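Participant: Show me the folded form of this:
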Amino acid sequence: DTQVAAARKAEGTKFKKYIDDNKLVGVGQPDGLFYTITKPGTGDKPAANDTAVVFYVAKYTNGKVFETNVKEVAQKNNNYNPGLPYKAIRVPVGAKKVIPGWDEGLMLMNKGSKATFVIPSKLAYGEQGFQIIPPFTPLVFDIEMVDIVHPNPNAPKPTAPVLKPSVQVKPAH
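Facilitator: As a prediction, the model looks like this:
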């Protein structure tokens, strides 16, 4: 498919152009995730199995917002849905419940921080795309880490069941 081939070819250009046009200064990770902390926070960063509580704005590299849980941003970008709660979402960190770029990026933020992630498609929706996201589409996320919830150390741990045989077998003599 020539459209997919063109999207694949254009991805790197779109990615770099967004960073250059927005004069983003940040860190490029070896796997392609680019991030910049736009407001420092305090304290520890979340680890795998923690829950990140976040506000986010999801954009294409042309700046068009396609999803957000920030009411004012949704209203300003004409994609406000009165049926949505517009509150911070809880994201399990490192649990592969979100795109890989989020799993990785959230662990680079601490409480109260804000960051911009520019995520290549291989850490997002890849060559398949997803619903409104075309194949080979790099994505931009502005994220605010509202809170980090650690697992409760006192929560009951799952235990392996103790198997008791129902029939006692007497050893043969």
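Participant: okay, CA-based contacts and neighbour counts for the rest of this
Facilitator: Noted.
Participant: Just name the shakiest helix or strand of this protein by mean pLDDT.
Facilitator: Across the helices and strands of the chain, mean pLDDT, DSSP states H and E gives its lowest value to helix 2-21, namely a mean of 89.
Participant: Return the set of buried residues in that one.
Facilitator: Neighbour-count burial for helix 2-21 flags 7, 8, 11, 14, 15, 18, 19 (criterion: 16 or more other CA atoms under 10 Å).
Participant: Show me what the one helix or strand residue 117 maps to is packed up against.
Facilitator: Here residue 117 sits within strand 114-119, counting by DSSP states H and E. Counting contacts by 3 or more CA pairs under 8 Å, 6 or more residues apart in numbering; DSSP states H and E, strand 114-119 packs against strand 34-39, helix 100-106, strand 139-149.
Participant: neighbouring contacts of the shortest one?
Facilitator: It refers to strand 34-39. With contact meaning CA atoms under 8 Å, 6 or more residues apart in numbering, strand 34-39 is reached by 24-28, 105, 109, 112-119.
Participant: ok, 6 Å please
Facilitator: Contact partners of strand 34-39, identified using CA atoms under 6 Å, 6 or more residues apart in numbering, comprise 26, 27, 28, 113, 114, 115, 116, 117, 118.
Participant: Quick one, which of these are buried?
Facilitator: Using 16+ other CA under 10 Å, the buried members of the contacts of strand 34-39 are 113, 114, 115, 116, 117, 118.
Participant: now, which of those residues sits nearest residue 2?
Facilitator: Closest approach between the buried ones among the contacts of strand 34-39 and residue 2, by CA to CA: residue 118, at 25.1 Å.
Participant: I'd guessed that closest one sits against residue 143; true?
Facilitator: No - at 11.1 Å, residue 118 and residue 143 do not qualify as touching, with contact defined as CA atoms under 6 Å.
Participant: Tell me the spatial nearest neighbour of residue 127, not counting adjacent residues.
Facilitator: Sequence neighbours aside, residue 135 is the residue nearest to residue 127 in space, at 4.5 Å (criterion: CA to CA, 6 or more residues apart in numbering).
Participant: for that neighbour, phi and psi?
Facilitator: phi -60, psi 150 (degrees, to the nearest 10).
Participant: Can you get me a residue count around it?
Facilitator: When counting by other CA atoms under 10 Å, one arrives at 22 neighbours for residue 135.
Participant: Ok, residue 153 next?
Facilitator: 7.
Participant: Correct me if wrong, but it is in a strand.
Facilitator: No - Residue 153: not assigned to a strand; according to DSSP: H, G, I helix; E, B strand; the rest coil it is coil.
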